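J.: Okay, predicted coordinates and the sequence, questions at the end:
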Amino acid sequence: MMTTLGFIHKCEFEPEDRRYEISLPLEVLNSLKQRKSLPEVPYLHWRKLSKLYYVVTLGEKCANCNFIFAFDNSYLPQHVVNEIKLEEERSGLDANAILWTIKRWHGRPVATAKILLGYDKKIPVKIIDGNLTLTPEIRYYMQLKARTILYWKQIDKESWIISKGTKDYNAKSWITCDTLTIPKTFQNLRNCKLTMEITLSEKDGKPALLLTRRDPVDEFLDNALEQGKGKIEIHDLFNLYFEYVKKYRPDAEEPYFIGFVNKLYPRFIPTAQFRLLPKHPE
């Protein structure tokens with residue numbers, strides 16, 4: 001069983017016509033093509049298994065499928081888009097990635113597609129009395145319920161991956177209301193007084209949380225925004241950022257402006273502007 005990550009790009013043709021373009025990984029496409037015969041014009045068939053989870057095959061044109069153009073890209077069919085829009089409204093997160101897994105279904109290769117909302121989003125969290133606070137976005141992304149068991153794996157000195165996967169873990173803990181108890185195995189983390197950061201990630205083909213010490217630059221920007229009561233001019237914020245990085249990060253390899261834009265996305269800069277700004281820094 002092989003898992004790979006693909007991405008979703010939103011295309012706004014009209015105010016009411018939002019289409020979701022997907023990149024179809026080559027290894028997934030090659031696996032789907034392994035059948036005795038293919039139609040002259042192949043279409044992707046999307047069959048729902050559960051919420052935001054589909055089995056995908058190649059076949060003839062139908063009501064619940066979409067044409068593959070350039071044979072590595074496609075738009076999501078309308079019934080999938082309808083579910084995504086509903087879940088985006090519920091969660092406040094954007095659909096931006098797909099976890100593709102190659103499997104065999106009734107003796108033929110198929111792909112399952114798990115659509116992720118908010119993938120790679122970074123969320124500040126705090127540790128209080130050995131418990132990690134959980135935001136609504138985190139709870140939604142992981143589909144957490146009371147008494148859910150989560151498994152912890154320490155990656156390095158200041159990084160932990162938290163998932164529902166039972167393979168390769170150091171400790172486990174339970175959800176209690178809106179917090180997650182940090183395992184006693186990680187005593188130094190339990191006693192931590194720093195603001196941490198969770199990145200919505202994946203492990204073994206399933207949603208996961210990457211817990212790391214928060215970048216001081218992010219803390220600085222948050223404090224600057226808070227002091228400006230959310231109404232600071234962006235050029236004034238950049239000047240503050242520029243002086244901070246020059247003083248505390250003199251070895252920064254990334255161009256100052258590009259690093260600044262990356263820090264503000266996706267919390268404060270929409271995707272369209274994020275793609276535009278690095279090309280036109282003026």
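T.: Yes, it's here.
J.: When you work out contacts or count neighbours from here on, use the C-alpha atoms and nothing else.
T.: Noted.
J.: mean confidence score for stretch 169-179?
T.: Per-residue pLDDT values across stretch 169-179 average out to 83.
J.: quick one: contacts of that stretch?
T.: Residues outside stretch 169-179 that contact it (CA atoms under 8 Å, 6 or more residues apart in numbering) are 131-135, 144-154, 180-183, 185.
J.: try 7 Å
T.: Stretch 169-179 is contacted from outside by 131-134, 146-154, 180-183, 185, using CA atoms under 7 Å, 6 or more residues apart in numbering.
J.: which among those residues end up buried?
T.: 131-134, 149-154, 180-183 (16 or more other CA atoms under 10 Å).
J.: In strands, which of those residues appear?
T.: Among the buried ones among the contacts of stretch 169-179, the members found in strands (DSSP state E) are 131-133, 149-154, 180-181.
J.: and Ala95, how far is that from Glu88?
T.: Going from Ala95 to Glu88 by CA to CA, to the nearest Å gives 7 Å.
J.: Neighbour count for these two, which is higher?
T.: Taking other CA atoms under 10 Å, Ala95 and Glu88 do not tie; Ala95 has more neighbours (22 against 14).
J.: Contacts only, for Phe238.
T.: Residues near Phe238 by CA under 7 Å, 6+ apart: Phe260.
J.: So it: helix, strand or coil?
T.: helix (DSSP: H, G, I helix; E, B strand; the rest coil).
J.: and it, what pLDDT?
T.: Model confidence at Phe238, given as pLDDT, is 75.
J.: Roughly how far does it sit from Ile232?
T.: For Phe238, the distance to Ile232 - CA to CA - is 10 Å.
J.: what do you get for Ala111?
T.: According to CA to CA, Ala111 stands 47 Å off from Ile232.
J.: Where does pLDDT dip in the stretch 1-150 of the chain?
T.: Applying pLDDT under 70 to the stretch 1-150 of the chain flags residues 1, 12-17, 64, 66-72.
J.: mind running it again at 80?
T.: 1-2, 12-18, 35-42, 62-73, 105-107, 146-147 (pLDDT under 80).
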